[in-house]
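**Student:** Below are the sequence and a predicted model for it; my questions follow.
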Amino acid sequence: MFISIQEAISQGKGNVALRGWVYRERKSNKLAFIVLRDGTNIIQCVIEKDKVSSGVWSSAEKVMVESSVTLEGEIREDKRAPTGYEVGVTDLKIVQTAERFPITKDQSTEFLLDVRHLWLRSRELTTVWKVKSAILAAAREYFEKQKYVEVTPPIITGSSCEGGSTLFKIDYFGEEAFLSQSAQLYLEALIFSLDKVYAITPSFRAEPSKTSRHLTEYWHCEGEAAWMQFDGLLDFMEGLISHVCVTVAEKCSAELKLLGRNSDDLKKIVPPFPRITYDEALNILKKDGIDVPWGKDLRTEEEEQLVKHYDKPLIVTRYPKKIKAFYMKDDPKNSEVVLCCDILAPEGYGEIVGSSQREENIDVLKEKIKNQGENIEHYNWYLDLRRFGSVPHSGFGLGIERIVRWFCRLETIRDAIPFPRTIKRKTP
């Protein structure tokens, strides 16, 4: 019976039957070495010509990188092997002999993106997908513990959430529609029946950005809760991020180590997180020699400078309302700013969460929509939420690929998603 490579390593000795793909191979006149991989790990396999049949040796001579194979043999400990164990092969069968694999050492970034469907088999990216899966599972676990209900909002929408300039337009049976920038407006509708909801869905932003932090299609973890005030929102997000950090650190310590991340770094991410206002952020930057005019949004450079002062995610609150979305509630103590926050990851990985208390007053909301140049008729359904039982409520959106990039110490966010979509790439 076939078992996984990780199960074989855990077994440590005895006969095993494995199947997978050839990750590496080298041969001599008397020996053939295969590094076999499957979805769990890799293991070195040794075929000795004098100890196997002519048919097995013939297969060993034919095998190439990424050929699919099955094999049997005895597993033994060998500290020289990549994962500390090797298999002495007694039988080898080729399921499919691969053609010459196009990916070799020192390939350009663009070429690797062109063959992403093959490059995602690399050990580094395979490990990233495992960490990402653990992040999603941990987030869902936290929401469930807090009695949130997972829902499924639409991707096709007729109205904007974050501003028309970054909308992808589509032809919807002869009418104009858009790909969703955020599930927020629909989550707001659902809190009036379910109280607390969340969704993990793709979002789309038509931003002409070439930075290492932006994708045009990404995965969004969003939550919304009725009756939640701003301070409660900050506490909830701290709890969520901390739970994800600690849980993934415990479950994926080996994967994180392979990616260059010490899991102890994430275990230290526990509340309270440092909290500063936008005004305080500007004062810190000014002392560091960076002068940002009041009313300007913080750029990557400024965010990276701010987090140098902290070793946990940094919560920056109360940004000027003129640079934020229409649905954010004014601070009752200062009408020039809104009850919002961005959470910046440590180590310079940038913003990972955007959030706010929502404006529940219909008249104020109408005025804000008009002031931002939006067509109020597109939001009639959204305004109904304020006509029928409006209550204070708050919510947030967490960029999954951004938190993956931070955890996995990735140079670019493109490696946090199997098939990245950017302004110049829509294939494969």
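**Tutor:** Nice, thanks for sending it over.
**Student:** and residue 388, how far is that from residue 362?
**Tutor:** 10 Å (CB to CB, to the nearest Å). C-beta coordinates here come from the backbone N, C-alpha and C atoms, glycine included.
**Student:** Give me the more crowded residue out of these two.
**Tutor:** Neighbour count, other CB atoms under 10 Å: between residue 388 and residue 362, residue 362 has more, with 14 against 7.
**Student:** List the residues that contact that one.
**Tutor:** Going by CB atoms under 8 Å, 6 or more residues apart in numbering, residue 362 touches 383, 386-387, 390.
**Student:** how about residue 210, secondary structure?
**Tutor:** Secondary structure, DSSP: H, G, I helix; E, B strand; the rest coil: residue 210 is coil.
**Student:** That one and residue 115, how far apart?
**Tutor:** Counting by CB to CB, the gap from residue 210 to residue 115 is 21 Å.
**Student:** With residue 216 instead?
**Tutor:** 20 Å.
**Student:** These two - which one has more neighbours?
**Tutor:** Between residue 216 and residue 115, counted using other CB under 10 Å, the more crowded position is residue 216 (21 against 14).
**Student:** Can you give me the neighbour number for the nearest residue to that one once chain neighbours are set aside?
**Tutor:** Distances taken as CB to CB, 6 or more residues apart in numbering put residue 421 closest to residue 216, at 4.7 Å, once the chain neighbours are dropped. When neighbours are counted by other CB under 10 Å, residue 421 registers 16.
**Student:** how much space between residue 421 and residue 108?
**Tutor:** Look at residue 421 and residue 108: by CB to CB, they are 19 Å apart.
**Student:** Also residue 95?
**Tutor:** Relative to residue 108, residue 95 is positioned 31 Å away (CB to CB).
**Student:** out of those two, which sits in the more crowded spot?
**Tutor:** Using other CB under 10 Å as the criterion, residue 95 and residue 108 rank with residue 95 on top: 11 against 8.
**Student:** Can you give me the buried ones in the helix or strand in which the more buried one is found?
**Tutor:** Assessed by DSSP states H and E, residue 95 sits inside strand 85-96. Residues of strand 85-96 classed as buried: 85-90, 92, 94 (neighbour count, 16 or more other CB atoms under 10 Å).
**Student:** List the contacts of residue 130.
**Tutor:** Going by CB under 8 Å, 6+ apart, residue 130 touches 252, 255.
**Student:** So which residues of the stretch 151-300 of the chain form strands?
**Tutor:** Along the stretch 151-300 of the chain, the segments classed as strands by DSSP state E, counting those that start in this stretch run 156-157, 169-172, 175-179, 196-204, 217-226, 275-277.
**Student:** could I get these as JSON lines with mean pLDDT?
**Tutor:** Below are the strands of the stretch 151-300 of the chain laid out as JSON lines (pLDDT from 0 to 100):
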{"stretch": "strand 156-157", "mean pLDDT": "94"}
{"stretch": "strand 169-172", "mean pLDDT": "94"}
{"stretch": "strand 175-179", "mean pLDDT": "94"}
{"stretch": "strand 196-204", "mean pLDDT": "97"}
{"stretch": "strand 217-226", "mean pLDDT": "98"}
{"stretch": "strand 275-277", "mean pLDDT": "98"}
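**Student:** export the ones you listed to TSV and tack on mean neighbour count and distance to residue 293?
**Tutor:** Shown next, in TSV, are those (neighbours: other CB atoms under 10 Å; distance: least, CB to CB, whole Å):
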stretch	mean neighbour count	distance to residue 293
strand 156-157	16	34
strand 169-172	11	33
strand 175-179	14	32
strand 196-204	21	30
strand 217-226	22	30
strand 275-277	17	16
